[in-house]
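Novice: take this sequence and fold it.
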Amino acid sequence: MKVDKDFKSREHQVFSKYLKEKDLKLTAQRELILDTFLRHHGHISAEELFQKSREKQEHVGFATVYRTLKHLTQCGLARELDFGDGRIQYEPELGHQHHDHMICTKCGTYIEFLNPQIEELQEQVSRGHGFKITSHRMQLYGLCRKCQKGKK
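Specialist: Alright, predicted model coming up:
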């Protein structure tokens, strides 16, 4: 997934505005972490983002990466995911199509999917209860094909 310049600038604008509202500065380290996060393909943990960021700038600290990820999540640029393996993963949120996950409890493989029928059913159920969904995440846990066949 290549990040085009308009998309990147929107993300930078959102982050800059958020930081300004929180009376925080867009430091070179925060910008590097944001850029590294945007360029990564797929899910990434704080530890992985820390390593990738340090490859570009030695003075990036783990605490800075962790706090920046929290800011990215709070301003809607990142989505936090817990696949049950003890590590929180992050994925881009703004401008990305909603999807859900199936996670293998044996090998940790995950499958992203979108099912319009499930989405519509969730809307119907929420309307029936007078509830307005503002966001949701669905994670299904089980065994992938390979683990079911005993290949992993």
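
Novice: how near is Gly76 to Leu26?
Specialist: Distance, Gly76 to Leu26, using CB to CB, to the nearest Å: 16 Å. Where you see a C-beta, it was placed from the backbone N, CA and C, and this is true even at glycine.

Novice: should've said Arg87
Specialist: Look at Arg87 and Leu26: by CB to CB, they are 27 Å apart.

Novice: where does this protein have low pLDDT?
Specialist: 1-8, 95-96, 151-152 (pLDDT under 70).

Novice: same thing but at 50, please
Specialist: In the predicted model of the chain, residues 1-4 satisfy pLDDT under 50.

Novice: any idea how it splits into domains?
Specialist: Following automatic domain parsing, the chain resolves into domains at 5-92, 100-148.

Novice: so which of the ones you listed is the most packed in?
Specialist: Neighbour counts (mean count of other CB atoms under 10 Å) averaged over each of these peak at domain 5-92, with a mean of 16.

Novice: and that one, how far out from the chain's middle?
Specialist: Relative to the centre of its chain, domain 5-92 is centred 10 Å away, using CA atoms, centre = their mean, to the nearest Å.

Novice: assign a three-state SS to the residue nearest the centre of the chain, would you?
Specialist: Against the mean C-alpha coordinate of the chain, by CA atoms, centre = their mean, the closest residue is Glu91 at 2.1 Å. The three-state assignment at Glu91 reads strand, by DSSP: H, G, I helix; E, B strand; the rest coil.

Novice: partner residues bridging it?
Specialist: Using DSSP bridges, the beta-bridge partners of Glu91 come out as Arg79.

Novice: what about the helices in this structure?
Specialist: For the chain, the helices defined by DSSP state H occupy 5-21, 28-39, 46-56, 62-74, 116-128, 145-148.

Novice: residues in contact with the first one?
Specialist: Going back to what we said before, that points to helix 5-21. 3, 25-26, 30-31, 34-35, 38, 71-72, 74-77, 94-95 (CB atoms under 8 Å, 6 or more residues apart in numbering).

Novice: could you do the fourth one as well?
Specialist: For helix 62-74, contacts defined as CB under 8 Å, 6+ apart pick out 15, 18-19, 22, 24, 29-30, 33-34, 37, 46-47, 49-50, 53, 78-80, 90, 93.
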